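Participant: could you look at this predicted model? Sequence included:
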Amino acid sequence: MAEVSNSNLYQLTAGTHDFSGACVVLVRTEWNAAVIDELEKGCRKILDEFGVNEVLTVTVPGAVEIGFAVKAYWESKSRHIKTRPHAFITLGCIVRGDTPHFDYVCKAVTDSVTQLNLTLDVPVIFGVLTVENQQQAIDRIGGSHGHKGEEAAITALKMILLNTSLKK
(Lines give C-alpha, C1' and ligand atoms only; values in the text may rest on other atoms or scores of the structure.)
Protein backbone atom coordinates (compact mmCIF):
# COMPACT_ATOMS: atom_id res chain seq x y z
CA MET A 1 0.00 0.00 0.00
CA ALA A 2 1.23 3.48 -0.85
CA GLU A 3 2.06 5.48 2.24
CA VAL A 4 3.07 9.13 2.24
CA SER A 5 5.68 8.23 4.88
CA ASN A 6 7.47 6.26 2.13
CA SER A 7 7.95 9.38 0.01
CA ASN A 8 9.54 12.82 0.05
CA LEU A 9 6.25 14.46 -0.91
CA TYR A 10 6.17 16.89 2.01
CA GLN A 11 9.72 18.14 1.36
CA LEU A 12 8.85 21.57 0.05
CA THR A 13 9.56 24.37 2.47
CA ALA A 14 7.28 27.38 2.77
CA GLY A 15 8.85 30.67 1.80
CA THR A 16 11.49 29.08 -0.44
CA HIS A 17 9.45 29.61 -3.58
CA ASP A 18 7.23 32.47 -4.66
CA PHE A 19 3.74 31.20 -5.51
CA SER A 20 2.05 34.58 -4.97
CA GLY A 21 1.25 34.94 -8.67
CA ALA A 22 -0.02 31.40 -9.08
CA CYS A 23 -3.63 30.49 -9.76
CA VAL A 24 -4.88 27.02 -8.83
CA VAL A 25 -8.34 25.83 -9.81
CA LEU A 26 -10.00 23.16 -7.69
CA VAL A 27 -12.57 21.09 -9.58
CA ARG A 28 -14.73 19.29 -7.01
CA THR A 29 -17.76 17.06 -7.09
CA GLU A 30 -21.09 17.40 -5.30
CA TRP A 31 -21.21 13.67 -4.47
CA ASN A 32 -19.83 12.74 -1.04
CA ALA A 33 -19.77 16.42 -0.10
CA ALA A 34 -18.56 15.92 3.48
CA VAL A 35 -15.42 14.16 2.26
CA ILE A 36 -14.91 16.61 -0.60
CA ASP A 37 -15.27 19.57 1.78
CA GLU A 38 -12.39 18.15 3.85
CA LEU A 39 -10.25 17.51 0.77
CA GLU A 40 -10.82 21.11 -0.31
CA LYS A 41 -9.97 22.43 3.17
CA GLY A 42 -6.71 20.49 3.06
CA CYS A 43 -5.86 21.88 -0.37
CA ARG A 44 -6.64 25.43 0.64
CA LYS A 45 -4.63 25.11 3.86
CA ILE A 46 -1.47 24.10 2.00
CA LEU A 47 -1.95 26.56 -0.85
CA ASP A 48 -2.43 29.35 1.71
CA GLU A 49 0.69 28.29 3.65
CA PHE A 50 2.73 28.58 0.46
CA GLY A 51 1.28 31.96 -0.50
CA VAL A 52 -0.94 31.04 -3.45
CA ASN A 53 -3.16 34.12 -3.71
CA GLU A 54 -5.71 32.84 -6.20
CA VAL A 55 -7.53 29.59 -5.51
CA LEU A 56 -10.78 29.14 -7.39
CA THR A 57 -13.35 26.38 -7.07
CA VAL A 58 -15.50 24.88 -9.80
CA THR A 59 -18.18 22.42 -8.70
CA VAL A 60 -19.49 19.62 -10.89
CA PRO A 61 -22.24 17.07 -10.17
CA GLY A 62 -20.05 13.96 -10.23
CA ALA A 63 -16.60 12.61 -10.97
CA VAL A 64 -17.25 11.84 -14.63
CA GLU A 65 -17.88 15.56 -15.23
CA ILE A 66 -14.46 16.60 -13.83
CA GLY A 67 -12.67 16.25 -17.17
CA PHE A 68 -15.21 18.39 -19.00
CA ALA A 69 -14.98 21.15 -16.38
CA VAL A 70 -11.17 21.26 -16.45
CA LYS A 71 -11.10 21.38 -20.25
CA ALA A 72 -13.87 23.99 -20.49
CA TYR A 73 -12.23 26.19 -17.85
CA TRP A 74 -8.84 25.93 -19.55
CA GLU A 75 -10.30 26.79 -22.95
CA SER A 76 -12.11 29.81 -21.54
CA LYS A 77 -9.03 31.21 -19.78
CA SER A 78 -5.91 29.92 -21.56
CA ARG A 79 -5.76 32.76 -24.08
CA HIS A 80 -5.41 35.34 -21.34
CA ILE A 81 -2.10 35.04 -19.51
CA LYS A 82 -3.36 36.97 -16.46
CA THR A 83 -6.34 34.67 -15.83
CA ARG A 84 -4.77 31.38 -16.92
CA PRO A 85 -4.50 28.78 -14.15
CA HIS A 86 -1.09 27.34 -13.29
CA ALA A 87 -2.58 24.01 -12.15
CA PHE A 88 -5.85 22.19 -11.62
CA ILE A 89 -6.59 19.90 -8.69
CA THR A 90 -9.43 17.42 -9.14
CA LEU A 91 -11.32 16.42 -6.00
CA GLY A 92 -13.80 13.59 -5.82
CA CYS A 93 -14.67 10.51 -3.81
CA ILE A 94 -15.94 7.39 -5.53
CA VAL A 95 -17.16 4.73 -3.10
CA ARG A 96 -17.64 1.17 -4.32
CA GLY A 97 -21.23 0.02 -4.37
CA ASP A 98 -22.98 -3.20 -5.32
CA THR A 99 -22.74 -2.71 -9.09
CA PRO A 100 -19.91 -2.32 -11.62
CA HIS A 101 -20.72 1.43 -11.79
CA PHE A 102 -17.70 2.10 -9.51
CA ASP A 103 -15.31 0.56 -12.04
CA TYR A 104 -16.74 2.57 -14.94
CA VAL A 105 -16.63 5.86 -13.06
CA CYS A 106 -13.09 5.26 -11.78
CA LYS A 107 -11.85 4.43 -15.26
CA ALA A 108 -13.62 7.39 -16.86
CA VAL A 109 -12.27 9.97 -14.41
CA THR A 110 -8.77 8.48 -14.41
CA ASP A 111 -8.66 8.42 -18.21
CA SER A 112 -9.92 12.00 -18.49
CA VAL A 113 -7.39 13.40 -16.01
CA THR A 114 -4.59 11.45 -17.68
CA GLN A 115 -5.64 12.78 -21.10
CA LEU A 116 -5.79 16.34 -19.79
CA ASN A 117 -2.27 15.99 -18.38
CA LEU A 118 -1.06 15.00 -21.83
CA THR A 119 -2.84 17.80 -23.69
CA LEU A 120 -2.98 20.91 -21.47
CA ASP A 121 -0.01 23.18 -20.82
CA VAL A 122 -0.52 22.93 -17.05
CA PRO A 123 -0.68 20.01 -14.61
CA VAL A 124 -3.96 18.40 -13.62
CA ILE A 125 -3.59 16.76 -10.22
CA PHE A 126 -5.55 13.60 -9.43
CA GLY A 127 -7.10 14.17 -6.01
CA VAL A 128 -9.96 11.74 -6.49
CA LEU A 129 -10.37 9.10 -3.82
CA THR A 130 -11.38 5.65 -5.05
CA VAL A 131 -12.35 3.71 -1.95
CA GLU A 132 -14.16 0.57 -0.94
CA ASN A 133 -16.16 2.20 1.86
CA GLN A 134 -16.75 5.39 3.83
CA GLN A 135 -14.15 4.48 6.47
CA GLN A 136 -11.42 4.35 3.84
CA ALA A 137 -12.44 7.84 2.73
CA ILE A 138 -12.25 9.12 6.32
CA ASP A 139 -8.83 7.52 6.70
CA ARG A 140 -7.66 9.67 3.76
CA ILE A 141 -8.90 13.07 4.97
CA GLY A 142 -6.74 13.31 8.04
CA GLY A 143 -6.96 9.77 9.37
CA SER A 144 -4.50 6.92 9.27
CA HIS A 145 -3.56 7.51 5.61
CA GLY A 146 -2.78 11.21 5.92
CA HIS A 147 -4.64 13.96 4.15
CA LYS A 148 -5.02 13.48 0.42
CA GLY A 149 -6.21 17.06 -0.08
CA GLU A 150 -2.97 18.40 1.39
CA GLU A 151 -0.97 15.92 -0.67
CA ALA A 152 -2.74 17.01 -3.86
CA ALA A 153 -1.92 20.66 -3.12
CA ILE A 154 1.75 19.90 -2.50
CA THR A 155 1.84 17.90 -5.72
CA ALA A 156 0.33 20.86 -7.57
CA LEU A 157 2.96 23.22 -6.17
CA LYS A 158 5.78 20.87 -7.14
CA MET A 159 4.35 20.50 -10.63
CA ILE A 160 4.00 24.26 -11.02
CA LEU A 161 7.70 24.57 -10.16
CA LEU A 162 8.62 21.80 -12.59
CA ASN A 163 6.49 23.25 -15.37
CA THR A 164 7.99 26.71 -14.83
CA SER A 165 11.54 25.37 -14.85
CA LEU A 166 10.97 23.39 -18.06
CA LYS A 167 9.64 26.47 -19.87
CA LYS A 168 12.77 28.55 -19.15
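Facilitator: Thanks, I have the structure now.

Participant: tell me which element the residue sitting nearest the centre point of the chain falls in.
Facilitator: Centroid check for the chain by C-alpha atoms, centre = their mean gives residue 89 as the closest residue, at 2.5 Å. Assignment of secondary structure by DSSP states H and E places residue 89 within strand 87-95.

Participant: check residue 117 too.
Facilitator: Assigned by DSSP H and E, residue 117 belongs to helix 101-119.

Participant: packing partners for that helix?
Facilitator: Identification of packing neighbours for helix 101-119 by 3 or more C-beta pairs under 8 Å, 6 or more residues apart in numbering; DSSP states H and E yields helix 66-77, strand 87-95, strand 124-131. Where C-beta positions appear, they are placed from N, C-alpha and C, glycine not excepted.

Participant: mind listing what's buried along it?
Facilitator: Across helix 101-119, burial judged by 16 or more other C-beta atoms under 10 Å covers 102, 105, 106, 108, 109, 110, 112, 113, 116, 117.

Participant: ok, those residues vs residue 168, which is closest?
Facilitator: Sorting those by how near they are to residue 168, with C-beta to C-beta, puts residue 117 at the top with 20.5 Å.

Participant: from memory the closest one sits against residue 123, does it?
Facilitator: Yes: Residue 117 is within contact range of residue 123, at 6.5 Å (criterion: C-beta atoms under 8 Å).

Participant: shared neighbours of the two, anything?
Facilitator: Common contact partners of residue 117 and residue 123 (C-beta atoms under 8 Å, 6 or more residues apart in numbering): none.
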